Every structure is written in C-alpha cells, then in structure tokens.
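Visitor: Sequence first, then the predicted structure, then my questions.
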Amino acid sequence: MLARHYIGESWKHGLLIIGALIVLIPFYMMVSMSLKSQQEIQSISGGLVGAQEIQTFPVCTKHGYTEEVCTMRPYKYNFWFAFKKAPIPRYLMNGLIVTVSIFLIQVLIALPCSYALAKLRFKGREFVFSMVLFCLLIPVHAIALPLYVMLAKAGLVDTYAALIIPWTISVFGIFLMRQFFMTVPDELIDAARMDGMGEYSIVWKVMLPVAIPALLAFAIFSVVAHWNDYFWPRIVITGNRDLFTPPLGIREFRGGIDSDEFGPMMASIVTVTIPLIVAFIVAQKRFVEGITMTGMK
Amino acid sequence: MGTISLKNINKSFGSTEVLKQLSLDIQDGEFLTLVGPSGCGKSTLLKIIAGLEQQNSGDVIIDDKNVNSTRASKRDLAMVFQSYALYPHLTVRKNLETPLKLRDYSFVERLPLIGNFVPSRKEKKKSIDDLVFKTSETLKITELLDRKPGQLSGGQRQRAALGRAMVREPVAFLMDEPLSNLDAALRVHMRSELSELHNSLKTTFIYVTHDQAEALTMSTRMAVMIDGELLQLDTPSEVYNNPSSLRVAEFVGSPKINTFAAQISSDGSVEFMGIKLERKFNTNSQKALVAVRPEHLEITKDSNKPAFEATVSYRENLGSDIFYHVQVDQSDSKIIVRGSPQAGLFSNGETVRISPSHAEAMLFETSGERIR
C-alpha cells in the first residue's frame, strides 16, 4: 500500500526533476565553461571545473600582452580577459542607471494615476481605466518602430533618455497598483483628509508606505524585464559603447577574430547574471509573492 | 463652541435617495447618537457633516458658519472610524502627531531634512510633544506610543484612534460605529469610558451606531433614522417610552416590541385579544395596532387577570431575565414576553396566560403613526 503510494508519487517527481534539469543545465554549462580552458570546452572534458592547469593563452598574446602576463590558471584568465576585453563595470553601471531610473519614474507616474483610478470619483473614470486595460494588450514590438522614429526625430538616439523614456509610463504598473489600492480601506484616506492632507500628500505619505509589498512585486517585474532587455537597447543604441547595457555588452564577445573563445564570453555572462541572482536570493520570498499576487509571469 | 445644524439635507447616489430633506440641530457639548438600521443613511450624514461627502442640496452650519464649501480639514472636526484607520506604517506617537503637524507646521517646516533647520519649528515641536503626551496620559496609552498599530490589540487601537482625534481639540467628535469591531465585553467597557470621556471633555460628540443599546446607554439625545429620514430626536428614555411612530418603537428596544391588531369602538375604547384597555383614545379610525414591550406583559397561570392564552414555543434564559417566545392561540402570531426567574419557569409546549399587567400599551394607526 505504502510502496504503491511512493510509486504513484515518484513519477511526478521524476517529471519535475526533468523539468528542473532542462532549466538548470544551461546555467551549469555557463558556470562550467566560464571556469574551464578552451581545449577542455571544445573536447567536452574536465567536468565542472576542469583541470585548472597553468597555461599560456594564445588569444591573449595575440592582443599584444607579453607571454608572462598571459600565463595563468584558466578560471582566472577567463574572468580577467573578459574584463580586459570589454568595460563590463561600465555596462553594469549603465544597466543599474537605466533600470533604477525606469523604475523610479514608473512609480512616480503610476502611483498618482492608480490612486485616482482606484479612489477618486470623476467622470470618465471607467473609460480611462478601460483604456489602461487596452494598453496592456499592445505588444512592445508592435510600437517599436514608431517609437524609434519619434526618438530619432527628437535627436535622442544613443542617449540614456532613449533607453528610459519609452518605459516610464507602465500601464502594467498602473493596473497592478490600482488593483492593490482598491483593497485599501476608504476610511484610511478619509482619516488622512480629516487630518488635513491634500490628495498628493495622501498618495506619497499614506498610499506609498501602505503599498510597499505591491511596489516590491512591481519592482521585481520592472527591474528584471529591463535589466534583461536586449531588444530595445539594440534598437536605440547604435554605436556608442559607453551606453551599452549588460545584454548588449555580452554581444561584444560574438564576432571578431576570437569569436570562438567561449571561456571569457561565459565569464562575462556570469558577471552580468550575478546581480539578478543575488537579488533573487535576497528577495526570494517577495519574488514568489509577487508572481502569485499578480497571477502573471 | 460646537453647535452644528443641518438644514434640509438631500443626498442621493445615482437614483437611490439616501437622505431626504433632513434637518437636525445639535447643541454644544451634547452626546448625540445617530441610530438606525444598516443602510439608513446615518454614516452618509456623518460624512456630510465631516465634509468627506458633498450633499446634493441643503446646508451644514457649524458654529453659525455655513461650511458647505469648506474642506474637511478646515472644519475643525475629528473623526473616529470603525476600522480605526490608523496609519499602519507609523508608530502611535507619529499617528497622534500627524494631524498636529499638518495643522501647525508651515509647508517649509514639514519638509523632510530642510524642515529641521527652520527655527520656529523647535517651539512648535515642543507644544506638539506636550499635547501628544497629555492625550496619551488621558487615554492611558503612554507606554504604547512607540508601537505600530499592528502590534496593538483591538482595544488599544481604539484608544489610539481616539487619541488621534483628541489631540487637535476639535469643536466636535464624529464617531462612525467605533465600537463595532471590539468583542462584547470590551464594547460594554468602552461604552462607559466614552461616556466618561465626554463628561470630562465637554465637547460635542456625534456618534453613529446601528446598535440601539449603545444609543440608549451613552447619549444625551438620540436621533432615530430610518430610510434616510429623521423619525425622532429625543432623550433615550423618551424615545424608548414614548416613541413617535411604530417604526421607532420596533427599532428601539430588544427584544422587539409586540404588536396586536385592535378594534376601536365609537366611544374611543380599545380592545385587543379580548382585553379592553383602561384608557380611551381620541381617534376616528376603527382599526389600529396595540404595541406592548415584552417587560410590560406578564406570563402567568393565574386565571383571574384579564389575559389571553398562548403556548410557550421557546425559552431564552439570560440569567437575570427569561424571555419566552409564545405562540398566541387565537392567531398565528408569535410574541415575546419577559419573565423573571423568581416567578418560576415555564417549559416549552406549556399553555400559559399572557396578561398586559402594567397598562403601558401604546396605540398606533395601521399606517404607523402614534395615537395619543
């Protein structure tokens, strides 16, 4: 009886394990390749970390470094060379500037909007809200071209503004916060009005602190989406390497004479992924809450 | 001063009329209860007084000043809400400080960081601290000042909410069912505390409740509202003993008042259930309703008194009182009679005689108006 129960359960676990492997194997490959030497990668040998023999790397000498400098263990070389080849700290900084600015401006706009939609009575409120819902249905790619043309006409291509402005009004944010504000009791707002607060004070001093859990959920969506975004930066950043975001930076390692050297490339990807993984581990509980709260992914 | 008068207030939401031509004068320092069943418009009326809701027509006058177009915060009223509505992210101290800061500080003084450098702020901060301390002492919440609302029990939150209303020393307190989230024992306790608070503050209290017991115990006057209309405004004992209409009589008093169909003969004498009332009434109607409260009916086996027969269907023992739900034999109506435990118990199914012993019967038209 008990054994049969275990058999019944085990196939479910088997299926889940296979699913987990499909997701995890690329990560394993990434970490492993960022540590191993080129020969080990190409011969698919050496397990997770490889033999880590001290050797001289030919691509390195080709770039004009002395043989002495280019002799070291593979893991060290991969990360050292990744940072030598591309200004990765700069890319990370750009990613930070862009995602944080986008998120802050999104909140600045979404909070008053969603407060009005949830708690103020005015003519046409339902219509405005239905327009918000309508905007949720428009895919980014459909409006990418007109947006690009607009930014180009305004002379904003190849600036931070081009990376940030199109995302500052998040209808998803407005929708999410509006749904959350609907659950805030009217009495709290009435109490604030009796105390003498104006509507803007209510938004920033009462609604904002109350909405922190919902804002964190929204922050996760917003930051992850824009940190990982490759499509939009690829369109509006045409040449200026100083404005590259991390996903654009990784692309640097493709093409060119040493395009098949995977070690440093994977090392750069690990570097770019680490901030999000750390953020995920720190905010794991919130992350899951966020996904379950919004019912979206 | 804290006189408030309402003149011909009308309010409707869409096509539903919530308040119909309602006028009400509230005297300075009185504890006025607005009482009525759910949905009678009493909370809406309170919000109109507060300025949180705008009436469709009519005037709100506070201390002889028309405040129709005055914002809620400028009316100098304080409100206590059913859910307390404390700011969840602030400590009790900060909750109490908020209304004072908003009233006393200038815009610059309220700014974070920069505000600290304005010299006049220090003095104001001192007076705010004093007021908060004084209020917290009155309400015995001084040791709770550094906690957040989430760490307080229901009764403590209630006090904190009262404190936030009190610190400003407003001309009147508006309370919207403030006790209904408390458990029964605490509610009874808070009733006496609120009455004491009213006695010591001597400020006008306007108290909204659907619980007629709260209205009867605390208020100096109570206003009974049903379906958006003010039916009676009087002292609790007067409302209870001398209701102006059947609806008031049925709403006030627990258990509910009993009604019987009655016939009136041409000389004005009234007869119901085969019993003749001693008093004569001056009316032209021939049919009417007699209403008798449960405590004015006697349940007995004695066959000498004028009485009618009934069968006990359910006995409700409250310790000090026993309420019998009885089925009247001649009709299919059920009535409630109060008996005392000393007089002996009657059991379910027993046939008893019900006698209106104290001659406290009230007479109403079939339409509900009182016949005196």
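Guide: Thanks, I have it. What you see is a predicted model, and the numbers here were worked out from it, not measured in a lab.

Visitor: buried sites along the host helix or strand of residue A:281?
Guide: In the assignment (DSSP states H and E), residue A:281 maps to helix A:262-282. Residues A:262-273, A:275-276, A:279 are the ones in helix A:262-282 that count as buried (16 or more other Cβ atoms under 10 Å in any protein chain shown). Quick note: C-beta positions are derived from backbone N, CA and C, even for glycine.

Visitor: What of stretch B:62-74?
Guide: Buried residues in stretch B:62-74, defined by neighbour count with 16+ other Cβ under 10 Å: B:62, B:67, B:72-73.

Visitor: hey, which helix or strand in chain B has the poorest pLDDT?
Guide: helix B:107-110 (a mean of 79; mean pLDDT, DSSP states H and E).

Visitor: helix/strand/coil for residue B:276?
Guide: At residue B:276, secondary structure determined by DSSP: H, G, I helix; E, B strand; the rest coil is strand.

Visitor: Show the contacting residues for residue 41.
Guide: You didn't say which chain, so I picked chain A. Contacts for residue A:41 (Cβ atoms under 8 Å, 6 or more residues apart in numbering or on different chains) come out as A:33, A:262-263.

Visitor: I was after chain B.
Guide: Contacts of residue B:41 (Cβ under 8 Å, 6+ apart): B:11, B:18-19, B:22, B:225, B:227-228.

Visitor: how about the helices of the stretch 101-250 of chain A, start to end?
Guide: Remark: helices assigned in the stretch 101-250 of chain A by DSSP state H, counting those that start in this stretch are A:125-136, A:140-153, A:160-164, A:171-182, A:186-195, A:199-201, A:208-210, A:212-228, A:231-236, A:246-251.

Visitor: Can you lay out these as a markdown table showing mean neighbour count?
Guide: Below are the helices of the stretch 101-250 of chain A laid out as a markdown table (neighbours: other Cβ atoms under 10 Å in any protein chain shown):
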| stretch | mean neighbour count |
| --- | --- |
| helix A:125-136 | 12 |
| helix A:140-153 | 13 |
| helix A:160-164 | 20 |
| helix A:171-182 | 20 |
| helix A:186-195 | 22 |
| helix A:199-201 | 14 |
| helix A:208-210 | 16 |
| helix A:212-228 | 19 |
| helix A:231-236 | 18 |
| helix A:246-251 | 21 |
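
Visitor: Any idea which of the contacts of residue A:41 the model trusts least?
Guide: Note: of the contacts of residue A:41, the lowest pLDDT belongs to residue A:262, at 83.

Visitor: show me what contacts that residue?
Guide: So residue A:262 contacts A:33, A:38, A:41 (Cβ under 8 Å, 6+ apart).

Visitor: Residue A:161 versus that one, what's the distance?
Guide: Residue A:262 sits at a distance of 35 Å from residue A:161 (criterion: Cβ to Cβ, to the nearest Å).

Visitor: How about residue B:305?
Guide: Relative to residue A:161, residue B:305 is positioned 95 Å away (criterion: Cβ to Cβ).

Visitor: ditto for residue A:71
Guide: According to Cβ to Cβ, residue A:71 stands 45 Å off from residue A:161.

Visitor: what stretches of the stretch 151-297 of chain A score poorly on pLDDT?
Guide: Applying pLDDT under 70 to the stretch 151-297 of chain A flags residues A:255-259, A:286-287, A:289-297.

Visitor: Those residues of it touching chain B, which are they?
Guide: Proximity of the stretch 151-297 of chain A to chain B is confined to A:185, A:187-188, A:190-197, A:206, A:209-210, A:212 under the rule Cβ under 8 Å from any Cβ of the partner chain.

Visitor: In chain B, where is pLDDT below threshold?
Guide: B:357-359.

Visitor: C-terminal to the top helix by length along it, what's the next element?
Guide: Counting residues, the longest helix found in chain B (DSSP state H) is helix B:119-139. Using DSSP H and E, the helix or strand that follows helix B:119-139 in sequence is helix B:154-166.

Visitor: buried stuff in that next one?
Guide: Going by neighbour count (16+ other Cβ under 10 Å), the buried part of helix B:154-166 is B:155-166.

Visitor: what's the answer for stretch B:95-114, then?
Guide: Judged by neighbour count (16+ other Cβ under 10 Å), stretch B:95-114 contains these buried residues: B:95-102, B:104-105, B:109-110.

Visitor: again with stretch A:93-105
Guide: Buried, per 16+ other Cβ under 10 Å, within stretch A:93-105: A:94-95, A:98-99, A:101-103, A:105.

Visitor: From those residues, pick the one nearest residue B:330.
Guide: residue A:103 (77.5 Å; Cβ to Cβ).

Visitor: For residue A:78, see how far away that closest one is.
Guide: Distance, residue A:103 to residue A:78, by Cβ to Cβ: 32 Å.

Visitor: does residue B:94 sit in a helix or strand, and which one?
Guide: Per DSSP H and E, residue B:94 falls inside helix B:92-104.

Visitor: swap in residue B:313?
Guide: Following DSSP H and E, one finds residue B:313 within strand B:308-317.

Visitor: Measure how the helix or strand following that strand sits relative to strand B:308-317, angle-wise.
Guide: Counting by DSSP H and E, the next helix or strand C-terminal to strand B:308-317 is strand B:322-328. Put simply, strand B:322-328 runs at 140 degrees to strand B:308-317, going by axes from the mean of the first three to the mean of the last three Cα atoms, to 10 degrees.

Visitor: Show residues contacting strand B:322-328.
Guide: B:255, B:273, B:294, B:299, B:308-316, B:334-341, B:345-346, B:352, B:354.
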